[in-house]
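Chemist: This is the structure alone, sequence omitted:
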C-alpha cells in the first residue's frame, strides 16, 4: 500500500474497454496526466450517418456500467434503447473504475498516484470525453444526459461543444455549484482527511467501517434522501439484537459498502471537481452565458431533493432559451433519479427536442 493512502476499487465489468490516446492530457490547471486512459462501454451500433449517438454521464460514485446503475432506463422502448441508439458511457477523469485517476500508477515510481493526482474540473472531464467520442467516430450527439455530477457534464457539453450536441437532459443539478453543496462536500473531504489511515496510507480492508470515506458517505446519504424518506422507512425503529436505531445502522451499512468499493482520493478529487462547476466561469455573466446555450434541454427536478433543490432547476429552465422543465415526483430525495426510472424514462421519451 502506498504512502498516498490508496485503496483499490472493484473490478471493471467484462464489457468495459480502455482507450489510450497515446498522449499526455493537459488540464485546465496546466498540470498534465501522462499517457491518459479512458474506461468506457458502448451499447448498440452507430448508424451510417452517425445520427443516433447518445452519451450517458454518470454521477459521483458511478462507472461506465450505466446498464447496472441505471438499469431501469435501458431496454427496447425505453429512454436508452440499444436497438435504436449507439449509447456511450465512460468513467470520468479522476475516477477509480478504469479511467486515469488516483488509483492508477504514477509514471515516476509505479506507485498509485493517490493524493498526488492533480485536481480536475468538469471541463477537463468533458474534453477527455470529446476525444473518446472522436475515436469512436461520433461527430454529433443525438442526446447527452445524466444526473448530478453527470448533469454537470451534460451542461458543460452544451456550453463547450454546442455544435456537437443536438439535445441535452441535465437531471437533478444546477448551473453552478451552490454554497450549500460546496459546504457539504468540504465536510465530507474533512472526514477523509482526518482519517489517520488516509494520512498514513493504511487503508486496510479488514478494519471496522468507521473510516473517513465511510463517514463521508454517511454524510452524503443524508443529503441524497429526504426527511420523508427516512421518517417513513425508519422512524424511531430500533434493532432487536443491539437496540440501535435502524436509521443509524443503515448509514453504517451505506458507509461500509462504499468504503469496500471506492477510493478515498478519488472521492476527494471528484467532489472538488463538482465545486469547480460554474457554466459562467471565465465566460461572462451567468444569465447571459446560459442564455447563449441554444440547445434543446430537458431540465428535470426531483421534487424532494434537498441537495439540488428544484429552485435550481427552475432557474436553469428559465435561463436556457430552449428548455423544457419537468418534475420527477418521489419522496426518495436526490437519489430519486436512480429509483423512479420508469417515470424518468417516460420524461426523456416525450421530451420535445425541436
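Modeler: Here it is on my side, so go on. Treat the numbers as computed from the prediction; the structure is a model and nothing was measured.
Chemist: Tell me which residues touch the residue minimising distance to the centre of the chain, please.
Modeler: Geometric centre of the chain, nearest residue: residue 59, 2.0 Å, by CA atoms, centre = their mean. Residue 59 makes contact with 69, 146-150, according to CB atoms under 8 Å, 6 or more residues apart in numbering. Every C-beta, even on glycine, is put in place using the N, C-alpha and C of the backbone.
Chemist: same thing but 6 Å
Modeler: Contacts of residue 59 were listed using CB atoms under 6 Å, 6 or more residues apart in numbering, and they are 147-150.
Chemist: Now for those residues: which two are most distant?
Modeler: Pairwise distances across the contacts of residue 59 peak at 8.0 Å for 147 and 149 (criterion: CB to CB).
Chemist: Looking at those two, which one has more neighbours?
Modeler: residue 147 (31 against 23; other CB atoms under 10 Å).
Chemist: I'd like the distance from stretch 105-118 to the chain centre, please.
Modeler: 23 Å (CA atoms, centre = their mean, to the nearest Å).
Chemist: and if you look at stretch 49-68?
Modeler: 11 Å.
Chemist: mind listing what's buried in that stretch?
Modeler: By 16 or more other CB atoms under 10 Å, the buried positions in stretch 49-68 come out as 52-67.
Chemist: Next SSE downstream of the helix or strand bottoming out on mean pLDDT in the chain?
Modeler: Lowest by mean pLDDT, DSSP states H and E among the helices and strands of the chain is helix 196-200, with a mean of 61. Next in sequence after helix 196-200, counting helices and strands by DSSP states H and E, comes helix 212-224.
Chemist: Buried residues, the next helix or strand after that next one. List them.
Modeler: Sequence order places helix 227-233 as the next helix or strand after helix 212-224, per DSSP H and E. For helix 227-233, burial by neighbour count (16+ other CB under 10 Å) applies to 229-230.
Chemist: What are the contacting residues of helix 227-233?
Modeler: Against helix 227-233 from outside (CB under 6 Å, 6+ apart): 247, 331-333.
Chemist: Which one (most neighbours) among those residues?
Modeler: residue 333 (24 neighbours).
Chemist: My understanding was that that residue contacts residue 225; is that so?
Modeler: Yes. With contact defined as CB atoms under 6 Å, residue 333 counts as touching residue 225 (4.0 Å).
Chemist: okay, the residue lying closest to the residue nearest to the centre of the chain once chain neighbours are set aside: pLDDT?
Modeler: Closest residue to residue 59 apart from its sequence neighbours, by CB to CB, 6 or more residues apart in numbering: residue 148 at 4.1 Å. If you check residue 148, the pLDDT there is 98.
Chemist: try the one 4 residues further on
Modeler: Each residue has a pLDDT score; the one for residue 152 is 98.
Chemist: Next up, the contacts around it.
Modeler: Here residue 152 is in contact with 122, 173, 277 (CB under 6 Å, 6+ apart).
Chemist: Just give me the closest of those residues to residue 20.
Modeler: residue 122 (22.2 Å).
Chemist: Before we go further, residue 191 is sitting in a strand, right?
Modeler: No. Using DSSP: H, G, I helix; E, B strand; the rest coil, the assignment for residue 191 is helix, not a strand.
Chemist: what about it, neighbour count?
Modeler: 22.
Chemist: Please tell me how far the residue nearest to it when sequence neighbours are not counted sits from residue 278.
Modeler: Spatial nearest neighbour of residue 191, chain neighbours left out: residue 215 (4.2 Å); criterion: CB to CB, 6+ apart. Per CB to CB, to the nearest Å, residue 215 is found 28 Å from residue 278.
Chemist: ok, the two, which is more surrounded?
Modeler: Just comparing residue 215 and residue 278: by other CB under 10 Å the higher neighbour count belongs to residue 215, 22 against 18.
Chemist: For residue 93, give me its contacts.
Modeler: Neighbours of residue 93 in contact, by CB under 6 Å, 6+ apart: 99, 120, 124-125, 128.
Chemist: farthest-separated two in the residues you listed?
Modeler: 99 and 124 (11.4 Å).
Chemist: Which one of the two is surrounded by more residues?
Modeler: residue 99 (27 against 24).
Chemist: residues touching the residue nearest to the more buried one when sequence neighbours are not counted, list them.
Modeler: Using CB to CB, 6+ apart and skipping residues adjacent in sequence, the residue nearest residue 99 is residue 91, 4.1 Å away. Each residue near residue 91 by CB under 6 Å, 6+ apart is listed here: 39, 63-64, 97-99.
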